[in-house]
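A.B. asks: next come a sequence and a model predicted from it.
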Amino acid sequence: MATELNGKRGDTQIYRAIMEPLLPIKYEFEFNDALIEIASNSHLYDMAYRQTKKELSFIVGGPSGVIGKTSLTVPGSLLDAPLTVTLDKQIIATSANDQSISFEYLHAGRSEIIIRGD
């Protein structure tokens, strides 16, 4: 294998193509027999539910500079509305309807999302 130097491998420059719009992917997670369904155009992983802290957290990842969009419904058995969302410890704007919530963010590689209930 050729060595990599300044983003090049041998005579070939390494790049990644990003074609928008990114399409939403549906995810399903289950905690305490409660199903969480999520639609997001971000890669989503490391989902955790912390009952004592009344929070749900996960990591979103995507190409830097691309707008990420996530929508989910959090069962009331896990978190009570109103729900607040933080991205890397900063509160972000949301659109909420009871237990359903949607939000957008600018990708910067990967970021931590935390959703807190009342």
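C.D. replies: Noted; the coordinates are in hand.
A.B. asks: make it CA atoms for all contacts and neighbour counts henceforth
C.D. replies: Fine.
A.B. asks: any residues touching stretch 46-58, and which ones?
C.D. replies: The contact list for stretch 46-58, computed with Cα atoms under 8 Å, 6 or more residues apart in numbering, reads 29, 31, 44-45, 59, 78-79, 112-118.
A.B. asks: helix, strand or coil for residue 35?
C.D. replies: The assignment at residue 35 comes out as strand when based on DSSP: H, G, I helix; E, B strand; the rest coil.
A.B. asks: is it in contact with residue 72, as I believe?
C.D. replies: No - taking Cα atoms under 8 Å as the definition, residue 35 is not a contact partner of residue 72, at 10.6 Å.
A.B. asks: more neighbours: the two, which one.
C.D. replies: More neighbours surround residue 72 than the other of residue 35 and residue 72, with 19 against 14 (other Cα atoms under 10 Å).
A.B. asks: dump the residue contacts of the closest residue to that one other than its chain neighbours.
C.D. replies: Nearest non-adjacent residue to residue 72, counting by Cα to Cα, 6 or more residues apart in numbering: residue 38, 4.4 Å away. By Cα under 8 Å, 6+ apart, the contact set of residue 38 is 26, 27, 28, 70, 71, 72, 73.
A.B. asks: type out the ChimeraX command that picks the buried ones from these.
C.D. replies: The following ChimeraX line selects those of the contacts of residue 38 that are buried, judged by 16 or more other Cα atoms under 10 Å:
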select :70,71,72,73
